[in-house]
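>>> no sequence for this one, just the structure:
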């Protein structure tokens, strides 16, 4: 993902707003839907990677008090 997670979410919100607004051609709707689907996949991957990093930092997945 070239954009940050936050930038991707902002773009996804723009896409949703455009789709909800309506007035788009079928081709425009499909293109935005495809872009949104791609963004969701990239964001999901980013969150999965972050979850794995947190898991590794906490060794067994449980936070340890210091």
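Sure thing, it's come through. This one's a predicted model, so the numbers in the text were calculated from it and none came from an experiment.
>>> skipping adjacent residues, who's closest to the residue most central in space within the chain in space?
Geometric centre of the chain, nearest residue: residue 43, 2.7 Å, by Cα atoms, centre = their mean. Leaving aside its chain neighbours, residue 43 sits nearest to residue 8 (5.4 Å; criterion: Cβ to Cβ, 6 or more residues apart in numbering). Any C-beta I mention is one placed from the backbone N, CA and C, and that applies to glycine too.
>>> residues contacting the helix or strand the one you found falls within, please?
Secondary-structure assignment from DSSP states H and E places residue 8 in helix 5-21. Contacting residues not belonging to helix 5-21 are listed as 1, 3, 24, 29, 32-33, 35-36, 39-40, 42-43, 46-47 [Cβ atoms under 8 Å, 6 or more residues apart in numbering].
>>> picking up where we left off before, helix or strand: which one has the residue nearest to the centre of the chain?
Per DSSP H and E: helix 26-57 holds residue 43.
>>> show me what the worst-scoring helix or strand of the chain on mean pLDDT is packed against.
The helix or strand of the chain with the lowest confidence, counting by mean pLDDT, DSSP states H and E, is helix 26-57 at a mean of 95. Packing partners of helix 26-57 (3 or more Cβ pairs under 8 Å, 6 or more residues apart in numbering; DSSP states H and E): helix 5-21.
>>> what is the distance between the helix it packs on and the centre of its chain?
10 Å (Cα atoms, centre = their mean, to the nearest Å).
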